[in-house]
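Asker: Turn this into a model:
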Amino acid sequence: MEQPVSFTEEEEALVIKSWNSMKSNSGEWALKFFLKVFEIAPSAQKMFSFLQDSNVPLEQNAKLKGHAKSVFVMACEAAVQLRKTGKVVVKDSTLKKLGSVHLKNGVVDEHFDVVKYALLETIKEATGEMWSPEMKAAWSVAYEHLVAAIKTHMI
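Answerer: Below you'll find the model as predicted:
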């Protein structure tokens, strides 16, 4: 599997700066991120067992809010740690679980592409005037590292 390009000091600074600006409202941004994923790919909702029998609107679903926040915070925190450690910092047991759950649910490259687009659009909205092509590139590299780490456990 192809390894993502290395993460530069400048990219790290942009990721940290933007994450610091989003952190206090991470729950709100996380929900927007997942709603964006479902807007782009409505069928993705079927991959989440806790949504299948729910009559609650997505934006009010407590389980979705909790899940979204944990995913969003994990992705952002992993991005912030990337340069310092040279790799994605997520517990091995968490990566193994992520890999097996993604595999079991039939996640393929196209799904990761949708999530990447939704993540970048959410961060763009969250950071406002701070957003730049360089920040987009930095988050893209960080995301590719996280996906590569998850994919190593999708076996």
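
Asker: Residues in contact with the host helix or strand of residue 35: which ones?
Answerer: Assigned by DSSP states H and E, residue 35 belongs to helix 26-40. The set of residues external to helix 26-40 that reach it, using Cβ atoms under 8 Å, 6 or more residues apart in numbering, is 22, 44-45, 58-59, 64-65, 67-69, 71-73, 76, 114-115, 117-119, 121-123, 125-126. In this view, the C-beta of every residue, glycine as well, is placed from N, C-alpha and C.

Asker: Spatially, what comes nearest to the residue most central in space within the chain if we skip its sequence neighbours?
Answerer: In the chain, the residue lying closest to the centroid (Cα atoms, centre = their mean) is residue 75, at 4.7 Å. Excluding the flanking residues, the one nearest residue 75 by Cβ to Cβ, 6 or more residues apart in numbering is residue 146, at 5.9 Å.

Asker: pLDDT on the particular helix or strand that has the one you found in it, on average?
Answerer: Assigned by DSSP H and E, residue 146 belongs to helix 133-151. For helix 133-151, mean pLDDT is 88.

Asker: which strands and helices sit next to it?
Answerer: helix 9-22, helix 62-85, helix 92-104, helix 109-127 (3 or more Cβ pairs under 8 Å, 6 or more residues apart in numbering; DSSP states H and E).

Asker: quick one: buried residues of it?
Answerer: For helix 133-151, a neighbour-count test (16 or more other Cβ atoms under 10 Å) marks 135, 137-151 as buried.

Asker: and of the residues you listed, the nearest to residue 54?
Answerer: residue 150 (25.5 Å; Cβ to Cβ).

Asker: Next up, the contacts around the residue nearest to the centre of the chain.
Answerer: Contacts of residue 75 (Cβ under 8 Å, 6+ apart): 119, 143, 146.
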